[in-house]
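In: below is the structure, and that's it, no one-letter string:
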């Protein structure tokens with residue numbers, strides 16, 4: 001705006017046509033050696049799921065209400081199964097990986113594993129078992145080869161053996177039910193046992209030059225959030241679209257401006273499809289004044305006259 005010496009309203013008017021375009025999600029089918037998966041949350045009910053390769057190029061994205069397995073499956077449907085997936089361990093994502101890419105190895109980000117353990121032990125634990133586990137949490141992020149992994153696993157087994165009786169202690173709650181006296185440490189042990197048994201703790205060792213953390217996509221998330229801060233004041237819909245445009249411009253082969261102007265979907269295209277779905281939906285799935293139930297809750301215009 002300062003460069004072209006335009007009033008704010010004039011700039012918004014000239015850019016309006018660009019906001020109406022919807023950037024296309026690529027679908028090239030290239031098998032990536034490593035694929036990073038993560039979600040960028042915008043408030044409580046909106047998230048943009050992003051897939052990124054080892055060269056910080058965006059492979060795909062998908063906007064959803066939450067990181068549910070169905071949302072992740074929608075993203076995975078447009079991406080070829082990679083040789084290795086690196087992720088933070090979200091429950092919906094892990095479920096989608098098991099069902100949609102069952103043969104793809106998964107590496108849990110070791111930094112997020114350390115954070116998950118620290119969340120349960122605290123940064124400055126008071127008891128000796130918690131201090132030992134906190135030390136193990138710090139050490140797991142320093143594993144870079146098979147020798148380091150074997151040494152860490154040996155220290156973890158020693159910790160389990162030494163504090164077995166301590167972890168088996170129980171207490172009785174107000175309702176008379178028995179529960180672990182040291183519930184947080186028990187939860188840490190269960191989590192680590194699952195990671196070790198599933199092979200997702202050190203899966204990166206089976207792939208040459210594979211990363212053990214999700215730092216690459218976390219760095220991209222930081223760039224996206226800086227972009228949103230630089231353009232603060234955007235509506236939620238435009239923030240979502242801004243992230244989608246950022247993802248499109250960081251793909252391996254973004255479409256040219258001329259191609260986008262001629263072929264990209266527009267908001268009017270979506271509105272027409274939505275209206276078409278409403279017109280041809282069975283009568284039992286809609287009422288005359290709202291959209292069909294199977295496409296979400298429509299607006300009942302009569303409600304505006306009730307108050």
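Out: Yes, it's here. Note that the structure is a prediction, hence the values are computed from the model and not measured. Numbering: from 1, shown residues only.
In: from here on, contacts and neighbour counts on C-alpha atoms
Out: OK.
In: which stretches of this protein form helices?
Out: All helices of the chain, identified by DSSP state H, fall at 8-19, 69-76, 91-100, 110-121, 128-140, 146-162, 164-168, 183-198, 215-230, 236-249, 257-263, 267-279.
In: so what's residue 207 closest to, chain neighbours aside?
Out: residue 84 (7.9 Å; Cα to Cα, 6 or more residues apart in numbering).
In: can you count the residues close to residue 5?
Out: 8 (other Cα atoms under 10 Å).
In: got it, and the one 4 residues further on?
Out: Other residues lying near residue 9 total 9 when counted by other Cα under 10 Å.
In: and for the one 4 residues further on?
Out: The number of residues packed around residue 13, counting by other Cα under 10 Å, is 10.
In: about what we covered before: any chance of the helices of the chain in JSON lines, with distance to residue 55 too?
Out: Shown next, in JSON lines, are the helices of the chain (distance: least, Cα to Cα, whole Å):
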{"stretch": "helix 8-19", "distance to residue 55": "28"}
{"stretch": "helix 69-76", "distance to residue 55": "19"}
{"stretch": "helix 91-100", "distance to residue 55": "22"}
{"stretch": "helix 110-121", "distance to residue 55": "20"}
{"stretch": "helix 128-140", "distance to residue 55": "25"}
{"stretch": "helix 146-162", "distance to residue 55": "25"}
{"stretch": "helix 164-168", "distance to residue 55": "44"}
{"stretch": "helix 183-198", "distance to residue 55": "27"}
{"stretch": "helix 215-230", "distance to residue 55": "8"}
{"stretch": "helix 236-249", "distance to residue 55": "14"}
{"stretch": "helix 257-263", "distance to residue 55": "24"}
{"stretch": "helix 267-279", "distance to residue 55": "32"}
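In: which among the ones you listed is found nearest to residue 53?
Out: helix 215-230 (8.7 Å; Cα to Cα).
In: between helix 110-121 and the closest one, find me the angle.
Out: Going by axes from the mean of the first three to the mean of the last three Cα atoms, to 10 degrees, helix 215-230 is angled at 80 degrees with respect to helix 110-121.
In: and the contacts of helix 215-230?
Out: 36-38, 40, 52, 54, 56, 239, 242-243, 246 (Cα atoms under 8 Å, 6 or more residues apart in numbering).
In: list the buried ones in that helix?
Out: Under the neighbour-count criterion of 16 or more other Cα atoms under 10 Å, helix 215-230 has 216-218, 220-221, 224-225, 228 buried.
In: try stretch 195-207
Out: 195, 200-205.
In: make a markdown table from the residues you listed and add pLDDT to it.
Out: A markdown table is the format used below for the buried residues of stretch 195-207 (pLDDT from 0 to 100):
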| residue | pLDDT |
| --- | --- |
| 195 | 94 |
| 200 | 93 |
| 201 | 94 |
| 202 | 95 |
| 203 | 95 |
| 204 | 95 |
| 205 | 94 |
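In: in those, find the pair that's most separated.
Out: Applying Cα to Cα across those, the maximum distance is between 195 and 205, 14.4 Å.
In: nearest to residue 174 among the buried residues of helix 215-230?
Out: Nearest to residue 174 among the buried residues of helix 215-230, with distances taken as Cα to Cα, is residue 218, at 42.8 Å.
In: now do the closest one against residue 157, distance only.
Out: When distance is defined by Cα to Cα, to the nearest Å, residue 218 is 31 Å away from residue 157.
In: could you do residue 40 as well?
Out: 36 Å.
In: hang on, the earlier thing: phi, psi of the residue nearest to residue 207?
Out: Backbone geometry at residue 84, expressed as degrees, to the nearest 10, gives phi -150, psi 140.
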